[in-house]
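Visitor: Sequence below, structure please.
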Amino acid sequence: MRTAVKPMSVAVRGVMCIIHAVRNWQALSPTSPREASMAKSAVEKLRTPQQAKIVQPLPPRVAHWGPPGASMVIPAPAEVDALVARIPKGMLATLATLRQSLAAQHGATIACPVTTGIFMGLVARAAEEREMMGARRVTPWWRVLKTDGQLNPRMPGGLAEHRRRLEAEGFAIVKAGRSGLMVESFEQRLARL
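Guide: Numbers count the residues shown, from 1 in each chain. Sure thing, here's the model as predicted:
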């Protein structure tokens, strides 16, 4: 099996040296210590000041997300963090309820489902980083479920960690489909955001 090598023009005594090209390419890869030290942590990304943006009308490729003439808010990561932090113990939220609340806060028809999901993952990773730094209270990311009430396998620690944290708060977890898990009767425990 051949591996692809990024071509690089490194000359050694006038001849292209593939070994040097591979070494230079590896030195610039994202796994190198040099580049890893420049990467921002989730906490730093969350602290980066950003403003919510309203898009109206919806771009053609996402026009099916809302009615004709709909407006869409693209939230700031800190807004998603603040909203999740308001979910009390014993209560839940779904990505759909987060989006509805964000849209209402900005007077928009909908909130972008893509960026809301991405920022929810960022909120969860930032909370995990804060826990590793010794924080006792962190944003309760585990109280946010997918729109259909299922646990989110993309959160830190996957389904096992999501389940562990929810069960620690007294929620009953049941199977959903082939490999999914969901909170039993989650609709009755949705928080008002």
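Visitor: any low-confidence regions in this structure?
Guide: Judged by pLDDT under 70, the chain has its weakly predicted residues at 1-38.
Visitor: which residue is nearest the middle of it?
Guide: residue 121 (2.0 Å; C-alpha atoms, centre = their mean).
Visitor: What residue spans form the domains of the protein?
Guide: Listed by automatic domain parsing, the domain ranges of the chain are 1-38, 42-189.
Visitor: check contacts around the residue nearest to the centre of the chain.
Guide: Residue 121 sits next to 154-155 when contact means C-beta atoms under 8 Å, 6 or more residues apart in numbering. Bear in mind the C-beta positions are built from the backbone N, C-alpha and C, glycine included.
Visitor: which residue ranges form the strands in the protein?
Guide: 11-12, 15-16, 53-55, 72-74, 93-94, 110-111, 144-145, 173-176, 180-183 (DSSP state E).
Visitor: For residue 192, find the nearest of those.
Guide: Smallest distance to residue 192 across the strands of the chain (C-beta to C-beta): 9.5 Å, for strand 93-94.
Visitor: what sits up against the closest one?
Guide: 83-84, 87, 143-149, 186, 190-191, 193.
Visitor: on that earlier part again, looking at the domains of the chain, which is buried most?
Guide: The highest mean neighbour count among those, using mean count of other C-beta atoms under 10 Å, belongs to domain 42-189: a mean of 16.
Visitor: how distant is that domain from the center of its chain?
Guide: 8 Å (C-alpha atoms, centre = their mean, to the nearest Å).
Visitor: Could you shift the numbering so residue one becomes 24, and keep it that way?
Guide: Sure, I'll start numbering at 24, so the last one becomes domain 65-212.
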